[in-house]
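Asks: Okay, predicted coordinates and the sequence, questions at the end:
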Amino acid sequence: MTGYTCPTHAFFCDVLMEEKRFQRRTEDFTCGRCGMEVHGTGFTNHCPYCLWSRHVDRNPGDRRESCCGMMRPVALEERRGEYVVVHRCEVCGIIRKNRTAPEDSFEAMIEVMKEFSEGGGK
């Protein structure tokens, strides 16, 4: 609709505009899937050993998501010469995409691609 602005929606947009879209947090964590200790870099989004993640952010690093479900790596995509892990939350089903890192397990990436090609990632 042109010429009409919903006051609630405008307030919501103003609040979102004030929030940072990315907040760097250097945090270590224990993977909720494989139990490995992960040393964060401030950009670490997932376990480099099994590629699983946890649904804790609305925007990267904000820790404002209450879902906290485990995020299954369901696919790998190539974007601008980099690989991106596609995660799907096991609780709410949301899809998120995150860049891989040099320390990510190549074997885990192959396993994700294999599961996806066999239809297990859908």
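Replies: Looks like it came in fine.
Asks: Glu111 - that's part of a helix, no?
Replies: Yes - assessed with DSSP: H, G, I helix; E, B strand; the rest coil, Glu111 lies in a helix.
Asks: give the contact list for it.
Replies: Listed by CB atoms under 8 Å, 6 or more residues apart in numbering, the contact set of Glu111 is empty. Placement of C-beta: from N, CA and C, glycine included.
Asks: List the residues that contact the residue positioned nearest the centre of the chain.
Replies: Geometric centre of the chain, nearest residue: Arg96, 4.7 Å, by CA atoms, centre = their mean. Arg96 makes contact with Ser53, His55, Met71, Val86, His87, Cys89 under the criterion CB under 8 Å, 6+ apart.
Asks: Kindly confirm whether my reading is correct that the second one touches Val91.
Replies: This means His55. Yes - with contact defined as CB atoms under 8 Å, His55 reaches Val91; the gap is 6.8 Å.
Asks: where do the contact lists of these two overlap?
Replies: Counting by CB under 8 Å, 6+ apart, the shared contacts of His55 and Val91 are Cys67, Cys68, Gly69, Met70.
Asks: Produce a PyMOL select command limited to the buried residues of the residues you listed.
Replies: Buried members of these, defined by 16 or more other CB atoms under 10 Å, are picked up in PyMOL with:
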select buried, resi 67+69+70
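Asks: burial count for the residue lying closest to Cys31 once chain neighbours are set aside?
Replies: Distances taken as CB to CB, 6 or more residues apart in numbering put Cys47 closest to Cys31, at 3.9 Å, once the chain neighbours are dropped. Applying other CB atoms under 10 Å, we find 24 other residues in the vicinity of Cys47.
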